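K.L.:
here's my sequence, what's the structure:
(2 chains)
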Amino acid sequence: MNNQPVYTDNDPQSELVTLNLGPTHPATHGVFQNVLQLDGERIVSGVSTIGYIHRAFEKIAEHRPFYQITPLTDRLNYCSSPINNMGWHMTVEKLLNIEMPKRVDYLRVIIMELSRISDHIICNTIIAQDTGATTTFLYLFQFREHIYEIYEEICGARLTTNIGRIGGFERDFNDIAFAKINKFLKEFPVALKEFENLLNRNRIFIDRTAGVAKVTAETALSYSWTGPLLRATGVDYDVRVSEPYSSYQDFDFEVPVGTSGDIYDRYLVRNEEMWQSVRLIEQAMQKLKNEPAGIFHADVPDFYLPAKEEVYNNMEALIYHFKIVMGEIDAPKAEVYHAVEGGNGELGFYLINDGGRTPYRLHFRRPSFINYQMFAKMSEGMLLSDAIINMSSMNIIAGELDA
Amino acid sequence: MAENKNQELIQVLTEKFGDKITGVQEPYGLLTFETTKDVISDVLKFLKEGKATNFNFLTDITAVHYPGKKHGIAVVYHLHSMVNRVRVRVKVFIDEQHPSIPTATTLWNGANWMERETYDFFGVKFEGHPDLRRILNMDDLGVHPMLKQYPLEDPNRVDKKDEYFGR
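P.N.:
Numbering: from 1, shown residues only, chains lettered A, B, ... in the order given. The predicted structure is shown next:
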């Protein structure tokens, strides 16, 4: 079946060993299976088997109204759920031609950049962990916790956030949320600087990562890589810049690129992106001061689910609530592709609507799925321990891989 | 800006492929056109390598099922020219009973798993694909589950009829 090694050697004298790395191997941080043929510690060939947590989201989405698909997107890249949520909201808003107020755009930028930071924290600390530096892992993970507390303040959930609505947010950010964001902006750069001090010029870390798993820009483009992996090879493609959404064109930020595409470059690119995300959040907080307070959704009662207390006390809200929940909204018969820059690269939503209550077809372009297909090929000739950190540096999230 | 590029692009394509390019649309500014199975390889190669087109990046391959039509499965390619900052969507409608189409793995390595996923869920056979196996579902599933004839839930349920979902 699937799980056969490509290279089989029937020679009884053969020294090759078959190793099942996964599906649940402690070193792989997720459900990944790779059947490897080893010559000593060196990998001769490998086959990736995926699909262990396939949940048929595309099929389910064909039977759910738009607002019920948001929780499905949570479970794609669950390390940065808000980006997926916002990407989905923006896809539907594009379909319905809803124009967002600037304040909502800036709030979305804050929440998306926070989740980008939490995504990159996971990846970079795990590279460090896999090269033997446990301290940095535990140290920076505190800040992921702080980010989750900010999510909690905004939407009540931590991991699978279901944050926002089609047409805006379900409620305004409260003062505690803003206070927590400000506190984060003050404390995180200090910790990130210390994190960099611990690793950037660390001899052991450089020896383990520099020059390992090098990828050229041509190969990366041919394999449809996007995100930090592609940028580490020197291609400055970032959806936030090439096709700005959610008012990213109002912001001043840089797209870091690497040169050699090795693990060390990927690490540096992600670190620099965290600095840029901090910059973006700071700018967004400044811009919010010039926007009229209290606006957290567009004025589109046909599509925006009204607040629950309104529904119980206000006839108009009750009617709209009923219309939206019972599927009376008229969405145009059209198809739309919308991409956002997720933690791992271009996260695309291809939505075909036939005028019904649910999508006729919804396809997720999942960066982890597309990035991962090169893994087995890259591993050939690599040491097993290098292949492990290579996998960590690709930041493959099983939920996004299998959908 | 994008509209001008789209106009130029469709002009270049019709010059080259004539009436093989049909159904030109621009939903939300994204140029969409249909072509046929026999020229799809040439169209993709032209889009990728042509000087004026320069679609160096394959964003995605997927399929859509429209049951009951003669050519009921649409294979959809999303290409992206990072240099010109323009995207294009190419559709090929193929026979529902025996869906097959030439592979794009000769142009992009990344097409490999995208085509395997499309095969897995829609049964589209990509001719010339080096390793066309199921990818997310188990090997002995026996069906291609994204086809519309396979219901998500128990078809006997009365509360999940299509009419309650606005179609």
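K.L.:
from here on, contacts and neighbour counts on C-alpha atoms
P.N.:
OK.
K.L.:
up against chain B, what does the stretch 151-300 of chain A have?
P.N.:
A:221-224, A:237, A:242 (CA under 8 Å from any CA of the partner chain).
K.L.:
so which of those residues belong to helices?
P.N.:
Those of those mapping onto helices are A:221-222, A:242, per DSSP state H.
K.L.:
now the residues you listed: which count as buried?
P.N.:
Buried members of those, scored by 16 or more other CA atoms under 10 Å in any protein chain shown, are A:221-222.
K.L.:
so which of the ones in helices among the residues of the stretch 151-300 of chain A next to chain B comes closest to chain B?
P.N.:
Distance to chain B across these (CA to the nearest CA) is lowest for A:Ser222, with 5.1 Å.
K.L.:
and the closest one, what does it touch?
P.N.:
Listed by CA atoms under 8 Å, 6 or more residues apart in numbering or on different chains, the contact set of A:Ser222 reads B:57-58, B:108-110.
K.L.:
which of the three states applies to the residue in the stretch 301-403 of chain A that chain B sits nearest to?
P.N.:
Nearest to chain B, among the residues of the stretch 301-403 of chain A, is A:Gly356, at 4.7 Å (CA to the nearest CA). Of the three states, A:Gly356 takes coil according to DSSP: H, G, I helix; E, B strand; the rest coil.
K.L.:
quick check, it in contact with A:Ala331.
P.N.:
Yes: the pair A:Gly356 and A:Ala331 passes the contact test of CA atoms under 8 Å, sitting 7.3 Å apart.
K.L.:
in what helix or strand does residue 38 lie?
P.N.:
Going with chain A. Assigned by DSSP states H and E, A:Leu38 falls within strand A:33-39.
K.L.:
show me what counts as buried in stretch A:293-311.
P.N.:
So for stretch A:293-311, counting by 16+ other CA under 10 Å, buried means A:295-298, A:301-306, A:311.
K.L.:
can you name the two of those residues that are farthest apart?
P.N.:
Within the buried residues of stretch A:293-311, A:Ile295 and A:Val311 form the most distant pair, 19.0 Å apart (CA to CA).
K.L.:
burial count for A:Gln249?
P.N.:
Here the number of neighbours of A:Gln249 (other CA atoms under 10 Å in any protein chain shown) works out to 13.
K.L.:
chain neighbours aside, what residue packs nearest to it?
P.N.:
Spatial nearest neighbour of A:Gln249, excluding adjacent residues (CA to CA, 6 or more residues apart in numbering or on different chains): A:Val241 at 7.2 Å.
K.L.:
rewinding a little: close to chain B, is the next helix-or-strand element following the strand holding A:Leu38?
P.N.:
Counting by DSSP H and E, the element after strand A:33-39 in chain order, helix or strand, is strand A:42-49. Yes: counting by CA under 8 Å from any CA, chain B is contacted by strand A:42-49 at A:Thr49.
K.L.:
now do the phi/psi pair for B:Thr62.
P.N.:
phi -150, psi -180 (degrees, to the nearest 10).
K.L.:
tally of neighbours for it?
P.N.:
Neighbour number of B:Thr62 under other CA under 10 Å is 23.
K.L.:
helix, strand or coil: sort out A:Arg144 for me.
P.N.:
helix.
K.L.:
got a pLDDT number for it?
P.N.:
Here, the pLDDT recorded for A:Arg144 equals 93.
K.L.:
nearest residue to it in space, please, no chain neighbours.
P.N.:
Using CA to CA, 6+ apart and skipping residues adjacent in sequence, the residue nearest A:Arg144 is A:Ser118, 5.3 Å away.
K.L.:
how near is that neighbour to chain B?
P.N.:
As judged by CA to the nearest CA, to the nearest Å, A:Ser118 and chain B stand 26 Å apart.
K.L.:
next, the buried residues of stretch A:369-377.
P.N.:
In terms of neighbour count (16+ other CA under 10 Å), stretch A:369-377 has its buried residues at A:369-376.
K.L.:
do the same with stretch A:160-174
P.N.:
Buried-residue list, stretch A:160-174, by 16+ other CA under 10 Å: A:160-173.
K.L.:
output the set of residues of chain B in proximity to chain A.
P.N.:
So far as CA under 8 Å from any CA goes, chain B lies against chain A at B:27-28, B:56-60, B:62, B:64, B:82, B:85, B:108-111, B:113-114, B:135-137, B:139, B:146, B:152, B:165-167.
K.L.:
redo the contacts of A:Ser222 as a markdown table? Include secondary structure.
P.N.:
Output for the contacts of A:Ser222, formatted as a markdown table (three-state DSSP):
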| residue | secondary structure |
| --- | --- |
| B:Phe57 | strand |
| B:Leu58 | strand |
| B:Trp108 | coil |
| B:Asn109 | coil |
| B:Gly110 | coil |
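K.L.:
which one among the residues you listed gets closest to A:Phe253?
P.N.:
B:Phe57 (24.5 Å).
K.L.:
count of neighbours near the nearest residue to the closest one once chain neighbours are set aside?
P.N.:
Excluding the flanking residues, the one nearest B:Phe57 by CA to CA, 6+ apart is B:His80, at 5.1 Å. For B:His80, the count of nearby residues is 22 (other CA under 10 Å).
K.L.:
what's downstream of the one helix or strand in chain B whose mean pLDDT sits lowest, the next helix or strand?
P.N.:
Least confident helix or strand, chain B: helix B:2-17 with a mean of 84, by mean pLDDT, DSSP states H and E. As assigned by DSSP H and E, the chain's next helix or strand after helix B:2-17 is strand B:22-25.
K.L.:
next, name the residue at the spatial heart of chain B.
P.N.:
To find the centre residue of chain B, average its C-alpha atoms and take the closest one (CA atoms, centre = their mean): that gives B:Val76, at 1.5 Å.
K.L.:
what sits against the residue nearest to A:Arg144?
P.N.:
Residues in contact with A:Ser118 (CA under 8 Å, 6+ apart) are A:79-80, A:143-144, A:147.
K.L.:
could you say which helix or strand contains it?
P.N.:
Residue-wise, A:Ser118 maps onto helix A:102-130 under DSSP H and E.
K.L.:
quick one: average confidence on that helix?
P.N.:
Helix A:102-130 comes out at a mean pLDDT of 94.
K.L.:
count the neighbours of the residue in the stretch 101-250 of chain A positioned nearest to chain B for me.
P.N.:
Per CA to the nearest CA, A:Tyr223 is where the stretch 101-250 of chain A lies closest to chain B, at 3.8 Å. By other CA under 10 Å, the residues close to A:Tyr223 number 25.
K.L.:
and if you look at the one 4 residues further on?
P.N.:
Applying other CA under 10 Å, we find 25 residues neighbouring A:Gly227.
K.L.:
which residue, other than its chain neighbours, is closest to it?
P.N.:
A:Gly227 sits nearest to A:Gly345 (CA to CA, 6+ apart), 3.4 Å away.
K.L.:
identify all contacting residues around the helix or strand harbouring A:Ser385.
P.N.:
Using DSSP H and E, the element containing A:Ser385 is helix A:384-394. Helix A:384-394 is contacted by residues A:27-29, A:41-43, A:123-124, A:126-127, A:130-131, A:208, A:212-213, A:229, A:263, A:266-267, A:371-372, A:375, A:379 when judged by CA under 8 Å, 6+ apart.
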